[in-house]
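Student: sequence first, then the predicted structure, then my questions.
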Amino acid sequence: MPYTNYKRVDEVLREFDISYSEQNFIQMMEIPVFEYFEAEIKLTLSESVYKNSESALCESLIYPTLREVWKLYKKDLLLWSHQPLNYGDNRFVVPDYLIAKRSPMGNIFLEKPSLIIIGVKHESFEEAWIDCISNMMAARRANQMSKNEANFAPIFGIVSNGVIWEFAILDTNYFVKEITIYTIQNLKLLFAAIGYMFEQAKLAIATL
């Protein structure tokens, strides 16, 4: 079944025989929040038109926030925008953003995607997570280490409408969603959560 036909998260997880749980798995990291960036976010929230479309939310809030944390990991990781991933059977998914290994061949080569980021569309986090899980499965397929499909490194996922941010891990046969919901209004905690995901993505890539 194409992932676009799923209506609930449990349907897509059942299709791949993946269990579901909710935990507080994120461990806090000290990620600096610079005054200039905090001022930019406050300006966006108070003065900019960012709610008129999903694209505006991504460009105004999601991408700048990801990029700010990515700067700390740019030696090892690349931040990609709208890069297609092969979903199998000549089907492709296109995540809004993804984090992958920085390839020694150059920054035009996608290598070992490990973190998928999806912007919420139609104000539905459920739909966004269905989209994210499908993209995570495509990333997992890309990182397959052998023909044994049980042998994969974890893939990490973020879903956000720019203001609210949710996090999850997809491992071999289970999907774990973070219980705590983070918001753009508390950049210190949000940066800590995103930084943890970047760090885990970096560690997962190292095992491939």
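Tutor: That came through, no problem.

Student: the longest helix along the chain packs against which elements?
Tutor: Determined from DSSP state H, the single longest helix within the chain is helix 187-206. Identification of packing neighbours for helix 187-206 by 3 or more Cβ pairs under 8 Å, 6 or more residues apart in numbering; DSSP states H and E yields helix 35-47, helix 63-70, strand 77-81, strand 97-102, strand 110-119, strand 155-160, strand 164-170, strand 182-183. Every residue, glycine included, has its C-beta placed from N, CA and C.

Student: does A128 really touch I158, like I thought?
Tutor: No. Here A128 lies out of contact with I158, judged by Cβ atoms under 8 Å, at a distance of 9.8 Å.

Student: show the contacting residues for N143.
Tutor: Going by Cβ atoms under 8 Å, 6 or more residues apart in numbering, N143 touches K112, P113, S114, F152, A153, I155, L208.

Student: swap in 6 Å and give it another go.
Tutor: N143 makes contact with K112, A153, L208 under the criterion Cβ atoms under 6 Å, 6 or more residues apart in numbering.

Student: one more: D76?
Tutor: Counting by Cβ under 6 Å, 6+ apart, D76 has contacts R102, K202.

Student: any idea how far it lies from L170?
Tutor: Spatial separation of D76 from L170 under the definition Cβ to Cβ, to the nearest Å is 21 Å.
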